[in-house]
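In: missing the sequence, but the structure's below:
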């Protein structure tokens, strides 16, 4: 898979790919999820949620932007006010689990301190402190434990040990056959 030309690299995807459904239909068996914090800009400020940048890994070898457009982007249904977590942002923990061969396994686990902060990402992208209201940005992902691999279910969590709460979402993956 080709390395990005720069880091961070911002891939735009169609808003229609966002979904809060508990099922995601993909083409072929070569896709996988990856947990990410998401920042949502609204009229009253920035909000934090959780999402999966589900990606077609076979298509990724051809083009990363293409692979990201091919899959839906599941996001959780709850948000936290960013101002409430910004002072202790580095203490938040990302986790994901994938169901593979019928077994639920820990797929990712990392403090968000391994990623750029939402404010840093916004400044690099927009050269400003805020995004336009109605914008959602995925904020990066930690590596997969044992490498990237497909599964039949993907679950994700953003845990706040300071305020003792979590954002969670999960979805089953339905695979359409590739027919030529």
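Out: Okay, I see it. What you see is a predicted model, and the numbers here were worked out from it, not measured in a lab. Residues are numbered from 1 along each chain as shown.

In: what about stretch 41-59, average pLDDT?
Out: With pLDDT averaged residue by residue, stretch 41-59 scores 95.

In: all helices for the protein, in order.
Out: Under the criterion DSSP state H, helices of the chain are mapped to 57-60, 64-69, 82-85, 118-126.

In: Let me know which of those helices is the nearest to residue 149.
Out: Distances from residue 149 to each of the helices of the chain were compared using CB to CB; the shortest belongs to helix 57-60, at 8.6 Å. Every C-beta, even on glycine, is put in place using the N, C-alpha and C of the backbone.

In: hang on, the earlier thing: the helices of the chain: which one's closest to residue 97?
Out: Closest approach to residue 97 among those (CB to CB): helix 57-60, 18.2 Å.

In: related to what we said a few turns ago, need the helices of the chain in TSV with mean neighbour count and distance to residue 176, can you?
Out: Rendered in TSV, the data for the helices of the chain read as follows (neighbours: other CB atoms under 10 Å; distance: least, CB to CB, whole Å):
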stretch	mean neighbour count	distance to residue 176
helix 57-60	18	14
helix 64-69	17	16
helix 82-85	16	37
helix 118-126	16	33
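
In: Let me have these in JSON lines, extended by distance to residue 75.
Out: Rendered in JSON lines, the data for these read as follows (distance: least, CB to CB, whole Å):
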{"stretch": "helix 57-60", "distance to residue 75": "20"}
{"stretch": "helix 64-69", "distance to residue 75": "14"}
{"stretch": "helix 82-85", "distance to residue 75": "16"}
{"stretch": "helix 118-126", "distance to residue 75": "15"}
